[in-house]
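>>> What follows is a predicted protein model with its sequence.
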Amino acid sequence: MTQPLLADTITRLPDARGAVLVTGSHGGIYAAYLAARAEIRAVIFNDAGIGLEEAGVAGLSWLENLGIAAAAVDHATARIGNAAEMMKQGRISRANRLATACGVEPGQDCATAAALLEKAKAVAATVAPMSEARRVLEGTHCRLMLIDSAALVKPEDAGHFVITGSHGALFGDDPMNALKVDALLAVFNDAGLGPEEVGASRLPALQGRGIAGVTVAASSARIGDALSAWRSGQISRANPAARALGAKEGLPLRDLVEKVAGVASDAEED
């Protein structure tokens, strides 16, 4: 039996053509786009707590429309960003119709689901180019960088507010993996927090670097959507540096942004 390809993040894939991919990434639309572009046979994501408007699994139906089987593991059963743990103990929470046709169903263990997905038909899908949004708002004190994926953070984002749509789980032990630059404040989606509150595990690493960091609740903002985090996100966790700026659990993120960065919630995007 062919072993599935494991990848903690879908933004750093080896050659995945024809493989059944198990990734620690959330199952949002952009992650689904990256999976399709990699020409995978089928894919299993982490459901990231499902979240607002079911953004954590929105990519499953998107892939179904391309003829690609896809499923997601319950975030409460395996840590997001950890594909090996998903394979070891993850349980399926959602599956699209093509995955269901292969025998995948809710409650099934991830390893069994991955084996069943070997039966999925390999599809060479034509995928139109898609780029994640980067928006810049000018504040009176600093810029507000709205970036749908932390993978797209640039050196020039240092010293500003960086709001990402990415989950807040730290990859590996390197604190530099928490964020590429030293931002004034970094924001992530908590992906439902999950086991050991892994969805907020970037925050201590950021604290160690002297960077304020918060997560917004997955139930309050669409994962993978920085604009949603800014407009409707409710802070769920904050490190001490962020608390020193006025962050606290339950506070609307836009209130903190307006206070510290000087960017109003109705500001126009550049």
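Received the coordinates, thanks.
>>> Quickly run through the sheet partners of the helix or strand bottoming out on mean pLDDT in the chain, with directions.
Lowest on mean pLDDT, DSSP states H and E among the helices and strands of the chain sits strand 134-138, with a mean of 85. Take DSSP bridges as the rule and strand 134-138 pairs in its sheet with strand 143-147 (antiparallel).
>>> Show me what secondary structure element comes after the strand it pairs with.
Once the chain leaves strand 143-147, the next helix or strand it forms, by DSSP states H and E, is strand 161-167.
>>> residues contacting the residue nearest to G28 when sequence neighbours are not counted?
The shortest distance from G28 to any residue other than its chain neighbours is 3.5 Å, reached at G224 (Cβ to Cβ, 6 or more residues apart in numbering). (Glycine included, C-beta is placed from N, CA and C.) Applying Cβ atoms under 8 Å, 6 or more residues apart in numbering to G224 gives the contacts 26, 28-31, 55, 132, 148-149, 165-166, 189.
>>> Just the helices from the stretch 101-250 of the chain, written as ranges.
Ranges of helices in the stretch 101-250 of the chain, per DSSP state H, counting those that start in this stretch, are 110-116, 202-208, 226-232, 240-244.
>>> Would you reformat the contacts of G224 as JSON lines and include distance to P204, neighbour count and pLDDT?
Putting the contacts of G224 into JSON lines (distance: Cβ to Cβ, whole Å; neighbours: other Cβ atoms under 10 Å; pLDDT from 0 to 100) gives the following:
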{"residue": "H26", "distance to P204": "21", "neighbour count": "35", "pLDDT": "97"}
{"residue": "G28", "distance to P204": "25", "neighbour count": "29", "pLDDT": "95"}
{"residue": "I29", "distance to P204": "30", "neighbour count": "19", "pLDDT": "92"}
{"residue": "Y30", "distance to P204": "27", "neighbour count": "23", "pLDDT": "89"}
{"residue": "A31", "distance to P204": "25", "neighbour count": "27", "pLDDT": "93"}
{"residue": "A55", "distance to P204": "26", "neighbour count": "24", "pLDDT": "98"}
{"residue": "E132", "distance to P204": "26", "neighbour count": "19", "pLDDT": "63"}
{"residue": "D148", "distance to P204": "24", "neighbour count": "25", "pLDDT": "93"}
{"residue": "S149", "distance to P204": "22", "neighbour count": "22", "pLDDT": "91"}
{"residue": "G165", "distance to P204": "21", "neighbour count": "29", "pLDDT": "95"}
{"residue": "S166", "distance to P204": "17", "neighbour count": "30", "pLDDT": "96"}
{"residue": "N189", "distance to P204": "17", "neighbour count": "38", "pLDDT": "98"}
